[in-house]
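Novice: Got a predicted structure plus its sequence, pasted below:
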Amino acid sequence: MTERLRWGIMGTGNIANQFAQGLAGSSRGQLTAAASRTQASASAFTDKHDAKAHAFEGYDRLLDCADVDAIYLALPNHMHMEWTLKALQAGKHVLCEKPIANNADQATAMFEQAKTSGKVLVEAFMYRSHPLHHAIARHIAEGAIGKIQAIRTSFCFKVNNPEGNIRFSRACAGGALMDIGCYCVNFSRHYIGSEPQAVHATSRLNDDGVDILTSGTMHFADDVLASFTCGMTLHADNAAYICGDEGYITIPIPWKPPTEKATYTLNRGTPPRMDKGAAAAGPMSKEVSVDAGRPLYGLEADDFAAVVMDGASPTITAQDTIANMQTLDALRESAGVIFDGEQA
C-alpha cells in the first residue's frame with residue numbers, strides 16, 4: 001500500500017467535484033483517476049482537479065486501473081449497488097455516496113460482498129467526520145442538556161429546473177427522503193443512540209411518484225421523539241435542534257459545517273416565555289466554535305484511509321448503514337413512495 005490512499009472517482013457530477021476538492025486538502029489521499037460516461041467529461045474533471053490523474057471513458061476502465069486503491073462512488077442512487085459490487089469484486093475499497101442503496105436488502109448484499117472480497121465498504125455521510133459533531137457528542141455524553149427528549153431537523157432546497165434532474169426520477173430512486181432526508185434520519189439515530197420503534201411519514205409526490213417534500217416522525221425507546229422535514233421545492237433554516245430535559249443544542253449548519261468557525265449553541269435553563277416579549281430573559285447560552293483544520297470531504301477521505309490503512313473502525317459502520325436504510329424503507333412505505341421494480 002502506498003503512503004497515500006490512491007483514489008479513483010466514479011462519476012463527475014457536483015458531489016464528485018466537491019469530494020475531489022476536499023481530497024486535495026486531505027492528509028492521506030490523492031486523486032489518481034476519474035471516470036465518466038464520456039471521455040470529454042472525464043478529461044475535464046481531471047484537468048480541473050489533477051492533470052496527472054487518469055481520465056477514463058466508462059466505469060469498467062476505472063476498475064481495471066492498477067493505480068487505484070479505493071473508489072469514491074458518486075453515481076445516481078439506482079446505480080450504487082451494481083457498481084459497488086463490481087468495484088469490490090475488482091479488488092477496490094469503496095466509499096459509496098449516501099444513500100448506499102435503494103433499500104436495506106441491497107445494502108446488506110453489498111456488505112456481504114465487501115466481507116467476501118476482504119475490502120472496506122463505507123457509506124459517505126461526510127458530516128459525521130467533522131469535529132463539530134464530535135464536540136456535540138461529548139457535550140451530550142457529559143450531560144450538558146440532560147436526557148435527550150426530542151430532536152428536530154430540516155434539510156431543504158429549491159430546485160428551479162427539475163427537468164432532467166435525477167433527484168426527481170423514480171427510475172433513479174430519487175426523492176427528497178433519499179437525497180437529503182437520509183441525513184435527518186441518520187442524525188437522529190446517531191445522537192439518540194438507538195433505532196426507532198415506530199415511524200410515520202407523509203409526502204407530496206410529483207407526477208412520477210417521487211417525493212418532493214416529506215415530513216416524518218420517529219418514535220424511539222423511552223418515548224424519545226424525532227421529527228424532520230426534507231424537500232426540494234422550498235427553503236428552510238436547515239438547522240438541527242437536540243432537546244434535553246435540562247437544555248438544548250442548536251446547530252445552525254449541521255450538514256456541511258465550514259472548515260473554520262463551525263458553531264453550535266449550548267442552551268441551559270428555561271427558554272424565554274413567549275408572552276414577555278423582547279424583555280424576557282432567555283436561557284443561559286454558550287456558543288461553541290470548532291475549527292476542523294481540513295475541508296469536510298478531506299476529513300471524510302482521511303477517516304476512510306484510516307480504516308483501510310490502519311484498521312480503524314469506520315465512522316459509519318455497516319450496522320449503522322443497514323439500520324438507516326431499514327428506517328428509510330419504513331418511512332417510504334408509510335409515505336407511499338415506491339421505486340421502479342418494487343411492489344406497492
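Specialist: Yep, that arrived.

Novice: Who are the contact partners of the closest residue to residue 148 other than its chain neighbours?
Specialist: Once flanking residues are discounted, residue 148 sits nearest to residue 244: 5.2 Å by C-beta to C-beta, 6 or more residues apart in numbering. No exception for glycine: its C-beta is placed from N, CA and C like everyone else's. By C-beta atoms under 8 Å, 6 or more residues apart in numbering, the contact set of residue 244 is 140, 144, 145, 146, 147, 148, 149.

Novice: Please report how far the third one lies from residue 26.
Specialist: With the distance defined as C-beta to C-beta, to the nearest Å, residue 145 ends up 33 Å from residue 26.

Novice: who has more neighbours, these two?
Specialist: Just comparing residue 145 and residue 26: by other C-beta atoms under 10 Å the higher neighbour count belongs to residue 26, 24 against 21.

Novice: what's the helix or strand for that one?
Specialist: Under DSSP states H and E, no helix or strand contains residue 26.

Novice: Same question for the one 4 residues further on.
Specialist: Secondary structure from DSSP H and E places residue 30 in strand 29-36.

Novice: Repeat that for residue 7.
Specialist: Counting by DSSP H and E, residue 7 is part of strand 5-10.

Novice: For the following helix or strand past that strand, give me every contacting residue.
Specialist: Next helix or strand after strand 5-10 toward the C-terminus (DSSP H and E): helix 14-23. Residues from elsewhere that reach helix 14-23 (C-beta under 8 Å, 6+ apart): 7, 9-10, 29-31, 34, 45, 48-50, 72, 74, 97, 126, 294-301.

Novice: Could you list every helix and strand in contact with the lowest-mean-pLDDT helix or strand in the chain?
Specialist: Comparing every helix and strand of the chain by mean pLDDT, DSSP states H and E singles out strand 284-290 as the least confident one, with a mean of 93. Applying 3 or more C-beta pairs under 8 Å, 6 or more residues apart in numbering; DSSP states H and E, we find strand 284-290 packed against helix 131-141, strand 262-268.

Novice: quick one: it to chain centroid distance?
Specialist: Centroid displacement of strand 284-290 relative to its chain, using C-alpha atoms, centre = their mean, to the nearest Å, is 25 Å.

Novice: Give the buried residues for it.
Specialist: residue 290 (16 or more other C-beta atoms under 10 Å).

Novice: now do stretch 248-266
Specialist: Within stretch 248-266, the residues scored as buried using 16+ other C-beta under 10 Å are 248, 249, 250, 251, 253, 254, 255, 257, 259, 262, 264, 266.

Novice: contacting residues for the last one?
Specialist: Contacts here follow C-beta under 8 Å, 6+ apart; on that basis residue 266 touches 139, 144, 145, 247, 249, 285, 286, 287, 288.

Novice: For residue 132, see how far away it is.
Specialist: Using C-beta to C-beta, residue 266 is found at 13 Å from residue 132.

Novice: what does stretch 161-176 contact?
Specialist: With contacts defined as C-beta under 8 Å, 6+ apart, stretch 161-176 is touched by 76-78, 102, 156, 159, 179, 203, 206, 208-214, 230-232, 337-340.

Novice: Tell me which helix or strand residue 51 sits in.
Specialist: Secondary structure from DSSP H and E places residue 51 outside every helix and strand.

Novice: and it, how many residues sit next to it?
Specialist: Using other C-beta under 10 Å, residue 51 has 9 neighbouring residues.

Novice: Next, give phi and psi for it.
Specialist: Backbone torsions of residue 51, given as degrees, to the nearest 10, read phi -60, psi -20.

Novice: For the longest helix along the chain, buried residues please.
Specialist: The single longest helix within the chain, with elements called by DSSP state H, is helix 318-335. Residues of helix 318-335 classed as buried by neighbour count (16+ other C-beta under 10 Å): 318, 320-332, 334-335.

Novice: now swap in stretch 131-144 and tell me
Specialist: Buried residues in stretch 131-144, defined by neighbour count with 16+ other C-beta under 10 Å: 132, 133, 135, 136, 139, 140, 144.

Novice: Including pLDDT and distance to residue 112, could those go into CSV?
Specialist: Formatted as CSV, the buried residues of stretch 131-144 follow (pLDDT from 0 to 100; distance: C-beta to C-beta, whole Å):
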residue, pLDDT, distance to residue 112
132, 98, 33
133, 98, 29
135, 98, 35
136, 98, 33
139, 96, 37
140, 97, 33
144, 95, 40
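
Novice: All the strands of the stretch 101-250 of the chain, in order from the start?
Specialist: For the stretch 101-250 of the chain, the strands defined by DSSP state E, counting those that start in this stretch occupy 121-124, 148-156, 198-205, 211-219, 225-231, 240-244, 247-251.

Novice: shaky segments in this structure?
Specialist: Applying pLDDT under 70 to the chain picks out residues 1-2, 270-273, 275-283, 344.

Novice: Break it down into its structural domains.
Specialist: Taking automatic domain parsing as the reference, the chain has its domains at 5-127, 131-291+324-335.

Novice: So what touches stretch 81-96?
Specialist: Residues outside stretch 81-96 that contact it (C-beta under 8 Å, 6+ apart) are 8, 10, 59-60, 63-64, 68-73, 75, 80, 100-102, 106, 109-110, 113-114, 116-117, 119-124, 300-301, 304, 308.
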